[in-house]
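Undergrad: Show me the folded form of this:
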Amino acid sequence: MDTSQILRTFLDFYRDRGHALVPDSTLITPQGDPVLFTSAGMHPLTPYIEGRHHPLGRRLTGVQRCLRTTDLDEVGDDTHLTVFQMLGSWSLGDYSGDQSLRWGFELLRDGFGVPLPKLHVTVYDQDPGSLDTWQRLGVPVEPLGGDNWWSNGPTGPCGPDSEIFIWTGDGPPTGTPSTDDRWVEVWNHVMMRHHRRPDLALEPLDQPCVDTGMGLERMSMVLQGKTSVFDTDVFSSWMRWDPSRLVCDHLRSSVVVIGDGVHPSNTGRGYVLRRLIRRTLTHLWRSDPSRTLGDLPVEPIGATLDWFSLPMDPLYVLDVLVYEERRFHALLRRGRPLIERLMLRGPLTDDDFHYLHDTHGIPRDLVEEVLVTSSS
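TA: Down below sits the predicted model:
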């Protein structure tokens, strides 16, 4: 299956079971939300999980673009991305977690053709209902502790989850998801039964819900028989320009963020975008200082904007990237001699970092990038 077929198969399965299709929301969270970007498929639905009536009903499905800054240090491995798409299904006080698990198994087995021996799940060790359901379905189960308790933050809706893994090794499956990393997590079913208050106490939700999330790019990797998400059709146009995983991830993510209306800046969402672009440039220049985003073809930019249904001119996005590259070049020219003079006295101190930031506008993390680029 190519990625578009995987997406259609998932959404059609749930629409056939009475789920209404919710539109993909922007990465930009509502004003007042403490989270800068939508980080999970359920994020835009939080008010409805907490009890508000949804105009489309109590059974929903959809695909949501997400961004997780917490995964930045892991980007470059086989499965982690900065911007990714989350396929989801939701029961807003309608059917049970048991039903969600049974439908999930049916979709994996019949819709995606995943053989039973290649499936393994983990469950919260104090959730006997989910454990019993998987055992009745004949799927191997590993009960775990806090790793199978899901929440979208320190407060708010939360509950036990079932994480579904598919075997990606060459030989017969061995071990369990906690002992062998060839088991790749593709889907999470969360039983939203509780609300965590600011004092960390749990109280039951007025309407227990079920929230599931399947990483589309990760599922593509598994079903296309690839060893990395970067080897799937999702990244083919980016990988043709540069084979570095970090470069491909950060540029694709930057295109989506710009497409959602964010521009590079020194604060908030704009600073996340600025960091993505400058990390890309630092990585490119380590191997070849002559590399420039001005050479980036329009094809991967346009393909990404089309895939995420972002109505923006690819040439405009390219202009934003190139302009930020020029700004970073200027920062390097200004910052390099300043930092080198300070380092003549020895390692940089906290006072040095404060001076560079307050007087010259060079944040501490960018000092490291200047040093890395200087040594290339």
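Undergrad: From here on, just use CA atoms for contacts and neighbour counts.
TA: OK.
Undergrad: Report the outermost residue of this protein with respect to its centre.
TA: Within the chain, Arg345 marks the point farthest from the mean C-alpha position, 42.2 Å out by CA atoms, centre = their mean.
Undergrad: Remind me which helix or strand that residue belongs to.
TA: Assigned by DSSP states H and E, Arg345 belongs to neither a helix nor a strand.
Undergrad: what about it, distance to Glu368?
TA: Going from Arg345 to Glu368 by CA to CA, to the nearest Å gives 17 Å.
Undergrad: And for Leu107?
TA: As for Leu107, its distance to Glu368 is 47 Å (criterion: CA to CA).
Undergrad: What is the longest helix seen in the chain packed up against?
TA: Secondary structure assigned by DSSP state H gives helix 314-343 as the longest helix of the chain. For helix 314-343, the contact count by 3 or more CA pairs under 8 Å, 6 or more residues apart in numbering; DSSP states H and E identifies helix 245-259, helix 268-287, helix 298-307, helix 364-375 as packing neighbours.
Undergrad: any idea which element Asp352 lies in?
TA: Element membership for Asp352, per DSSP H and E: helix 350-360.
Undergrad: Quick one: distance of that helix to the chain centre.
TA: Distance of helix 350-360 from the chain centroid (CA atoms, centre = their mean, to the nearest Å) equals 33 Å.
Undergrad: Same question for stretch 7-14.
TA: Per CA atoms, centre = their mean, the centroid offset for stretch 7-14 relative to its chain is 20 Å.
Undergrad: Can you give me the buried ones in that stretch?
TA: Across stretch 7-14, burial judged by 16 or more other CA atoms under 10 Å covers 7, 10-11, 13-14.
Undergrad: show me what contacts Arg59?
TA: Contacts for Arg59 (CA atoms under 8 Å, 6 or more residues apart in numbering) come out as 18-20, 89-92, 94.
Undergrad: The nearest residue to it once chain neighbours are set aside: neighbouring residues, count only.
TA: In space, and not counting its chain neighbours, Arg59 is closest to His19: 4.5 Å by CA to CA, 6 or more residues apart in numbering. By the measure other CA atoms under 10 Å, the count of residues near His19 is 21.
Undergrad: wait, His19 sits on Leu60?
TA: Yes. Using CA atoms under 8 Å, His19 is in contact with Leu60, at 4.5 Å.
Undergrad: Find the residues that touch each one of those two.
TA: Contacts common to His19 and Leu60, judged by CA under 8 Å, 6+ apart, are Ser89.
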